[in-house]
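# Pasted the sequence and its predicted model underneath.
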Amino acid sequence: MTERILDIQNLQTSFFSDGKEIKAVDGVSFTIHKGETVGVVGESGSGKSVTSLSVMRLLQDTPGKIVGGSIYFNGKNLLEIPEREMRKIRGNEIAMIFQEPMTSLNPVYKIGKQLEEAIRLHLGYDKKQARAHAVQMLKLVGLPRAEELVNEYPFQLSGGMRQRVMIAMAMSCKPKLLIADEPTTALDVTIQAQILDLMRKLGQASDTSIMLITHDLGVVAEMCERVVVMYAGKVVEETDVHTLFSEPKHPYTQGLLKSIPKLGEKVGKLDSIPGNVPTPDEMPQGCKFATRCKFVTEQCWKKEPQLEKISKDHKVRCWLHQDTEKVEETQKVGV
């Protein structure tokens, strides 16, 4: 196995409001190795984006706070270094593509100025060198007339073009880790395919590790080697992408996969997971998925299962995997 680029252990991030603590990320642990693409999937509110913001330490001006755990990047705990040192890492060694490029790009600055700022700061280029590098990166991500685009404002570009600008900005310093938060949301399928292909090629060219946050399992199948499934702020399953699609163990993962339409298969109605993600003040005492699980038992209500390794590269947080008969039953009704 290659070296670990990112090692998150027992990460706990909470939001504080009116004297109450809301646990958005509750004991999350996973690793990303050099050159690896890991998908982080789950419904809205599962803690995916808060995990990424915690890694980037971008919660300072919010009610959110990291209250426990560790985030090791290249062997260094990001939670123990001063903000000045973190600024040197952020945007340079760790880059992020945010979900909505229109709100991520500054509307009052031209594209070129926004690209050049990070290039000059982290690579030490002068203005002329930074401009040339910015144009080169725009060409690399497949944008036409790059020399003209650097003098245009974000509103003059389409959604797909803005997203390519964000990728160019993120990759301009050749980061060791790229965090992509729903990078293809709101883009049509053609542009989506181009963006994913672009990210894959850029990642391979510079051996960049990618943490891909998405709710789209089709994107996961296309891009990832390993998958981390999150629910209610916790990791409920982690395995390689092939095992996830062929042998999902957690009922939540099975539900997500069964809700996807399959090419050539005619069904009257797609399956769905009943109910909704419980609110933080209504979390069950035991398993957080108990309120929506068709296999729930008395034990599920009393005690929360731990994330257990059930095979070499497969972990699952579910009482079912300890009961052989029930595991076989879930596999029969699974995907």
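Right, received. Where do you want to start?
# hey, let's count contacts and neighbours off CA atoms from now on
Fine.
# For the stretch 101-250 of the chain, which segments count as strands?
Taking DSSP state E, counting those that start in this stretch to define them, one finds strands in the stretch 101-250 of the chain at 177-181, 209-214, 226-231, 234-240.
# Run a quick neighbour tally on Leu198.
Using other CA atoms under 10 Å, Leu198 has 17 neighbouring residues.
# Please report how far it lies from Ile167.
9 Å (CA to CA, to the nearest Å).
# what do these two both touch?
Contact criterion CA atoms under 8 Å, 6 or more residues apart in numbering; residues shared by Leu198 and Ile167: Val141.
# got the contact list for the closest residue to Ile66 other than its chain neighbours?
Spatially, and ignoring its direct neighbours in sequence, Ile66 is nearest to Thr13 (4.2 Å; CA to CA, 6 or more residues apart in numbering). By CA under 8 Å, 6+ apart, the contact list for Thr13 reads Lys23, Ala24, Val25, Asp26, Val50, Thr51, Ser54, Gly64, Lys65, Ile66, Val67, Gly68.
# Show me those that map onto strands.
Of those, the ones assigned to strands by DSSP state E are Lys23, Ala24, Val25, Asp26, Gly64, Lys65, Ile66, Val67, Gly68.
# Just among the residues you listed, which is most surrounded?
Val25 (29 neighbours).
# For that one, which non-adjacent residue is closest in space?
Gly233 is the one closest to Val25 (CA to CA, 6+ apart), at 4.2 Å.
# The one you found: neighbouring residues, count only.
Neighbour number of Gly233 under other CA under 10 Å is 25.
# before we move on, what about Pro305?
17.
# which regions of the stretch 1-150 of the chain sit below the pLDDT cut-off?
Within the stretch 1-150 of the chain, the stretches with pLDDT under 70 are 1, 101-102.
# For Glu80, see how far away the residue nearest to Ile66 is.
15 Å.
# same thing with Glu21?
Relative to Glu80, and taking CA to CA, Glu21 is found at 23 Å.
# between these two, which one's more packed in?
Using other CA under 10 Å as the criterion, Glu21 and Glu80 rank with Glu21 on top: 15 against 11.
# So Asn106 versus Gln114, what's the distance?
Counting by CA to CA, the gap from Asn106 to Gln114 is 8 Å.
# Helices of the stretch 51-200 of the chain, residue ranges please.
Under the criterion DSSP state H, counting those that start in this stretch, helices of the stretch 51-200 of the chain are mapped to 83-89, 101-104, 111-123, 127-140, 146-149, 159-171, 189-206.
# With distance to Thr214 added, can I get the ones you listed in JSON lines?
Converted to JSON lines, the helices of the stretch 51-200 of the chain look like this (distance: least, CA to CA, whole Å):
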{"stretch": "helix 83-89", "distance to Thr214": "24"}
{"stretch": "helix 101-104", "distance to Thr214": "16"}
{"stretch": "helix 111-123", "distance to Thr214": "25"}
{"stretch": "helix 127-140", "distance to Thr214": "24"}
{"stretch": "helix 146-149", "distance to Thr214": "29"}
{"stretch": "helix 159-171", "distance to Thr214": "15"}
{"stretch": "helix 189-206", "distance to Thr214": "12"}
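# do you know which of those helices lies nearest Glu36?
helix 189-206 (8.9 Å; CA to CA).
# Can you give the contact residues for that closest one?
Counting by CA under 8 Å, 6+ apart, 35, 141, 160, 164, 167, 171, 174, 184, 208-210, 219, 223 sit against helix 189-206.
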